[in-house]
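[1] Pasting a predicted model and its sequence here:
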Amino acid sequence: MTPRLTLAMATATVVIIGLAPAARADTTPSVPPGTEPTATAPVEVDPNDPDLRLPEGGTLAEPKVLDIKQVVEDQAGEERREDTNADVTFALQAEVLFGKDSAKLGAAAKARIAVIADEIKKQNTTLVRVFGFTDNLGSSAHGDVLSKQRADAVQTELSADLNNPNITFEVRGYGEQYPIADNSTEEGRKKNRRVEVTFPRTAS
């Protein structure tokens with residue numbers, strides 16, 4: 001069993017994505033990761049309340065709700081899990097799934113995907129999003145194609161593991177968009193070359 005480290009507890013909202021050969025597929029445009037609007041604040045705040053003790057001339061920002069996000073990453077950085085109140089996201093580095101410049105899954109990759117499928121079953125969700133990403137090396141057009149091919153490969157394997165026609169998949173290839181690390185280093189580029197699987201949290 002690979003030791004895991006808790007990296008961070010942060011405030012943020014999470015997104016999810018995924019296409020299915022045997023399952024229903026959603027072909028409508030998706031909201032890119034991290035760009036969806038936040039939930040409405042549950043309580044109105046009176047900006048004139050004297051208990052706020054705002055500095056002279058100070059004003060309140062627009063209220064919004066931020067999810068608590070827990071991020072757990074294994075020590076090698078090959079796999080990351082993010083949990084919020086609403087969603088679960090697994091991110092797997094491309095190197096643990098595919099060969100260089102390839103979208104063909106190996107046996108070890110399929111075993112990792114099976115673990116994600118088990119979690120999806122546990123959450124009893126009907127929506128799974130699968131996003132593919134690359135680093136910024138090579139042409140942007142090539143990255144777009146490769147990231148989509150890799151997302152498709154992961155979705156196909158997930159669909160076979162889940163064997164549930166009621167699940168709708170969204171699959172997108174974002175190429176070099178939305179890096180999560182510094183593309184100027186190989187360590188950062190490895191983190192950016194990834195496939196993310198996200199689905200709603202429906203069980204406690």
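    Good, I have the coordinates.
[2] Check which helices and strands whichever strand or helix holds residue 171 sits against.
    Per DSSP states H and E: residue 171 is located in strand 168-173. Where contact means 3 or more CB pairs under 8 Å, 6 or more residues apart in numbering; DSSP states H and E, strand 168-173 is packed against strand 24-25, strand 127-133, helix 140-162. C-beta coordinates here come from the backbone N, C-alpha and C atoms, glycine included.
[3] And the strands in the protein?
    Applying DSSP state E to the chain gives strands spanning 4-11, 24-25, 68-74, 79-83, 87-93, 127-133, 168-173, 194-200.
[4] tally of neighbours for residue 105?
    Burial measure for residue 105: 18 neighbouring residues, criterion other CB atoms under 10 Å.
[5] residues contacting it?
    When the contact criterion is CB atoms under 8 Å, 6 or more residues apart in numbering, the partners of residue 105 are 97, 98, 113, 153, 154, 157.
[6] Can you pull the poorly scored residue ranges out of the chain?
    Applying pLDDT under 70 to the chain picks out residues 1-43, 63-69, 74-77, 203-204.
[7] now with 80?
    1-77, 203-204 (pLDDT under 80).
[8] Alpha carbons of stretch 95-108, in PDB - could you do that?
    In PDB, the C-alpha atoms belonging to stretch 95-108 read as follows (Å, rounded to 0.1, in the frame of the first residue of the first chain):
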ATOM      1  CA  GLU A  95       2.800   8.300 -16.600                       C
ATOM      2  CA  VAL A  96       1.000   5.800 -14.300                       C
ATOM      3  CA  LEU A  97      -1.700   5.300 -16.900                       C
ATOM      4  CA  PHE A  98       0.000   5.500 -20.300                       C
ATOM      5  CA  GLY A  99       3.300   5.200 -22.100                       C
ATOM      6  CA  LYS A 100       4.900   8.300 -23.600                       C
ATOM      7  CA  ASP A 101       2.700  10.000 -26.200                       C
ATOM      8  CA  SER A 102       0.200   7.000 -25.900                       C
ATOM      9  CA  ALA A 103      -3.400   6.600 -25.000                       C
ATOM     10  CA  LYS A 104      -3.300   2.900 -24.400                       C
ATOM     11  CA  LEU A 105      -3.900   1.700 -20.800                       C
ATOM     12  CA  GLY A 106      -1.700  -0.900 -19.200                       C
ATOM     13  CA  ALA A 107      -2.700  -3.500 -16.600                       C
ATOM     14  CA  ALA A 108      -1.500  -1.400 -13.600                       C
END
